[in-house]
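A.B. asks: kindly return the folded structure for what I paste below:
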Amino acid sequence: MFENLKNVIEQVGKEEGINKTILVEALEDAMLTVARKHYGFHRDIEARLNDETGVIELHEFKTVVDDLFDDEIEISVDEARKLDPEAQAGDSIGFKMETEELGRIAAQTAKQVIIQKVREAKKDIVFKEYSNRKSEVVTGLVRKLERGDLIIDLGKTEAIMPRREQIPGEIYKAGDRVQGVIIEVHDISRGPQIVMSRSDETYLIKLFEMEVPEIYEGIVSIKSAAREPGIRAKIAVTSKDPDVDPVGACVGMKGNRVQSVVSNLRGEKIDIIVWEENPVQFVCHAIQPAEVSRIRLNEQARTMELIVADDQLSLAIGKRGQNVRLASKLTGWRLDITSESDILRRAEGGKIPLRLIPGVGEANAEVLAGQGFEVAEQVTNASDEQLGSVTGFSFDQMKSIRDSILLYTEERAKTLSALKNHFRHDVNSMEFIDSLTDRELEILKIPGIGLKLLRHLKISDLNSVEELLKCSKEDLASKLALDDDEADLILKTARSFLDKRNKLSIEEKLSNLKSIEQSVLDMSLDEQPELEETVEAGIEQGKTQ
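C.D. replies: Presented below is the predicted three-dimensional model:
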């Protein structure tokens, strides 16, 4: 028993990849366990491999005493000196034991101990190997499915891919090949548990590293990534070399590189954006394809309010909030999306005193102020129950006042939103828009009157629709240097517009808000309507005379 072990150690070490020292210690422990069971645990026994003979040898140690009491753990001085002439009482002396009497059962026990030690050594080797392979992409075969989790054969060991780490919609069966990234390695009693993922951002990054040589070489780097697995993802990239376009490098010729990644992720749409050190610029890139008009920043709370044009709002938020969620995760900032009209309504419309709102009247505003309703938002935010309890007004009257306020604030907000969105890149026009009073904004609702004509009306001190309509065609022609027919066209268009609006109920006006916004926007286009073209031509001609 335990003879010719050198060949066994060499063979097992090569086949299992186990260090020779671990095997030797396992064999020595096995021999020691068998010997102690056979001879008793009270005896001092050691097991040691003889490198020359390749045999595990047992050595027993006994204490040298003058008066022998227990011959299993003690030896007399006379007997000890037969082994070592210089032995003295109190010394510990060892001698080789015979192993033949241990028998077949003892040999079987030793075999089990060896197997256990080898198993533990293999587990430790696998754990150390895969602990160093975290964030590495591996491929294996699906061995079985357990309650939606995939058990994957990696060759030396098995891995698990929990349902939460799979891409939604993917279906696997036993024998399918599956690729993923190692995200966790746990050392548990059954052996190392390796957790793989296809939904983690690390997998997306590693796929790009495999497809894009510039990333592997360190020229281009992925600064951050965000995913909604199987649906959409965003990555932020930057380049150390100014001559290398990081986005172009990731996209590849005709999109071949990014398409390879998309195919691996079952069609997941990927947005590749340029990373910026400036958080504001970075967020503007991250929220693409939407365009941001301006940003309100709170560095301490790491929040940003992104203000976008009304037609960009749904694009910025994305389907079920997907775009803004990914942008927030990508940048590490909490992002709130607000439209221009909401900002204008909240910051300006809601604070307007009731006395300045058409349809309310000075007397009504004074009575309402005495009951706590001084500005627009106090009325619009009130419940039906609160409106019905206002002294001096019926519920229908208060509802009519509320509708008048809503009409005014909504029209004002949409007019400003349309103008500022269209002229956001024109500094002079933006300054002019900011200088407009509410009464001057009313003029822009008249079809055919745009910013250019409004400038000339302001210069002529015609700052409201009422002041415009008080002019005769002769006075208007004189002020704007027009002929009578051109001035008459402006006045007729204004009266016709107001007559039509006055015939509409407040509910109808509220439902027509979109046409008001579009009318204002039409005045901002390069092709001006016939009225403004006619008037502009007349004004310019008058200046040259």
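
A.B. asks: phi, psi of the nearest residue to residue 286 once chain neighbours are set aside?
C.D. replies: Leaving aside its sequence neighbours, residue 286 sits nearest to residue 327 (CB to CB, 6 or more residues apart in numbering; 3.9 Å). For glycine as for every other residue, the C-beta is placed from the backbone atoms N, C-alpha and C. Backbone torsions for residue 327, taken as degrees, to the nearest 10, come to phi -60, psi -40.

A.B. asks: now do residue 471
C.D. replies: phi -70, psi 140.

A.B. asks: what sits against the residue nearest to residue 286?
C.D. replies: Taking CB atoms under 8 Å, 6 or more residues apart in numbering, we find residue 327 in contact with 226, 234, 283, 286-287, 335.

A.B. asks: can you redo those as JSON lines with secondary structure?
C.D. replies: Below are the contacts of residue 327 laid out as JSON lines (DSSP: H, G, I helix; E, B strand; the rest coil):
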{"residue": "226", "secondary structure": "strand"}
{"residue": "234", "secondary structure": "strand"}
{"residue": "283", "secondary structure": "helix"}
{"residue": "286", "secondary structure": "helix"}
{"residue": "287", "secondary structure": "coil"}
{"residue": "335", "secondary structure": "strand"}
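
A.B. asks: can you pick the most crowded of those residues?
C.D. replies: The most crowded member of the contacts of residue 327 is residue 287, carrying 30 neighbours; neighbours defined as other CB atoms under 10 Å.

A.B. asks: strand partners of the helix or strand harbouring residue 59, parallel vs antiparallel please.
C.D. replies: Assigned by DSSP states H and E, residue 59 belongs to strand 55-65. Using DSSP bridges, the strands paired with strand 55-65 are strand 44-50 (antiparallel), strand 74-76 (parallel), strand 92-97 (antiparallel).

A.B. asks: so of these, which one's packed in deepest?
C.D. replies: strand 74-76 (a mean of 19; mean count of other CB atoms under 10 Å).

A.B. asks: contacts for it?
C.D. replies: By CB under 8 Å, 6+ apart, the surrounding residues in contact with strand 74-76 are 62-66, 68, 93.

A.B. asks: the stretch 201-350 of the chain: helices as residue ranges?
C.D. replies: With DSSP state H, counting those that start in this stretch as the criterion, the stretch 201-350 of the chain has helices at 201-211, 213-216, 246-251, 256-264, 279-286, 313-317, 322-331, 340-347.

A.B. asks: how about the fourth one: buried residues?
C.D. replies: So that's helix 256-264. By neighbour count on 16 or more other CB atoms under 10 Å, the buried set for helix 256-264 is 257-258, 261-262, 264.

A.B. asks: and the first one, by the same measure?
C.D. replies: Of the residues in helix 201-211, those with enough neighbours to count as buried (16+ other CB under 10 Å) are 201-209, 211.

A.B. asks: gap between residue 303 and residue 291?
C.D. replies: For residue 303, the distance to residue 291 (CB to CB, to the nearest Å) stands at 20 Å.

A.B. asks: same question but for residue 371, I mixed them up
C.D. replies: The spacing between residue 371 and residue 291, counted by CB to CB, is 44 Å.

A.B. asks: residue 483 now?
C.D. replies: 43 Å.

A.B. asks: same thing with residue 8?
C.D. replies: Taken as CB to CB, the span from residue 8 to residue 291 is 73 Å.

A.B. asks: then residue 305?
C.D. replies: Remark: distance between residue 305 and residue 291 (CB to CB) = 15 Å.

A.B. asks: next: residue 476.
C.D. replies: 39 Å.

A.B. asks: of those two, which one has the most company?
C.D. replies: Taking neighbours as other CB under 10 Å, residue 476 and residue 291 compare with residue 476 leading, 23 against 15.

A.B. asks: just list whatever residues bridge to the nearest residue to residue 205 once chain neighbours are set aside.
C.D. replies: Leaving aside its chain neighbours, residue 205 sits nearest to residue 222 (5.1 Å; criterion: CB to CB, 6+ apart). Bridge pairing for residue 222 (DSSP bridges) gives the partners residue 237.

A.B. asks: what sits against residue 222?
C.D. replies: Counting by CB under 8 Å, 6+ apart, residue 222 makes contact with 205, 208-209, 215, 235-237.

A.B. asks: just want the most central residue of the protein.
C.D. replies: residue 329 (2.5 Å; CA atoms, centre = their mean).

A.B. asks: partner residues bridging the residue nearest to it when sequence neighbours are not counted?
C.D. replies: The shortest distance from residue 329 to any non-neighbouring residue, by CB to CB, 6+ apart, is to residue 226 (3.8 Å). Legend: beta-bridge partners of residue 226 under DSSP bridges are residue 234.

A.B. asks: residue 233 is in contact with residue 226, correct?
C.D. replies: Yes. Between residue 226 and residue 233 there is a contact at 6.6 Å, judged by CB atoms under 8 Å.

A.B. asks: brilliant, that's me finished.
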